[in-house]
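In: Output the structure for:
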Amino acid sequence: MFRPRIYVDTSVIGGCFDNEFEEYSNQLFEEFIKGEKKLVISDLVLFELEGAPENVKEVLNKVTENNIEYVFINEESVTLTNAYLKEGVIAENSLSDARHIAIATVERVDVLVSWNFKHIVNLNRIHLINSVNLKLGYPILEIRSPMEVL
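Out: Model prediction:
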């Protein structure tokens with residue numbers, strides 16, 4: 001059975017407790033819990049969660065280790081992050097967003113999922129991100145909202 005590897009940024013985890021996003025964030029986490037999809041979490045997400053309320057931090061604890069893959073910022077993802085910034089694809093003040101995208105790209109996940117419509121899940125931005133990815137020899141990165149991957 002194919003289990004898509006889905007990189008989740010912090011907005012999806014926090015979305016489990018947000019009136020606007022909770023339905024789809026929680027449905028997606030149910031699929032991770034059942035093992036229908038593999039949750040890919042970076043050290044950047046874990047760092048961003050450090051200051052979050054306890055209930056938000058607990059979301060990840062519901063997913064068994066078999067259904068989570070941990071990935072890390074590395075030299076390759078830092079280089080790609082810098083390329084996004086240099087090309088003007090992502091603004092300097094959105095460095096964390098650029099890092100999430102670069103990690104997901106370098107790890108060749110099936111899809112990056114976010115509720116960040118301004119800096120990540122944005123058609124123009126997706127085209128610009130993928131133009132940099134292709135130019136540097138990376139595959140196209142699918143970027144979607146949780147609603148789109150359910």
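In: Could you use CA atoms for every contact and neighbour count after this?
Out: OK.
In: pLDDT weak spots in this structure?
Out: Across the chain, nothing is flagged by pLDDT under 70.
In: For burial, what's the neighbour tally of the closest residue to I143 other than its chain neighbours?
Out: Excluding the flanking residues, the one nearest I143 by CA to CA, 6 or more residues apart in numbering is L112, at 4.8 Å. The local packing of L112 (other CA atoms under 10 Å) involves 26 other residues.
In: Could you do I101 as well?
Out: Residues near I101, counting by other CA under 10 Å, number 26.
In: Tell me the secondary structure at it.
Out: helix (DSSP: H, G, I helix; E, B strand; the rest coil).
In: can you pull out the strands in this structure?
Out: For the chain, applying DSSP state E gives strands covering 5-8, 38-42, 68-71, 111-113, 143-144.
In: Can you add distance to T81 and give these back as CSV?
Out: Output for the strands of the chain, formatted as CSV (distance: least, CA to CA, whole Å):
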stretch, distance to T81
strand 5-8, 16
strand 38-42, 15
strand 68-71, 15
strand 111-113, 15
strand 143-144, 16
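In: Tell me the spacing between K38 and V149.
Out: K38 sits 12 Å away from V149, taking CA to CA, to the nearest Å as the criterion.
In: And A91, by the same measure?
Out: Taking CA to CA, one finds A91 at 27 Å from V149.
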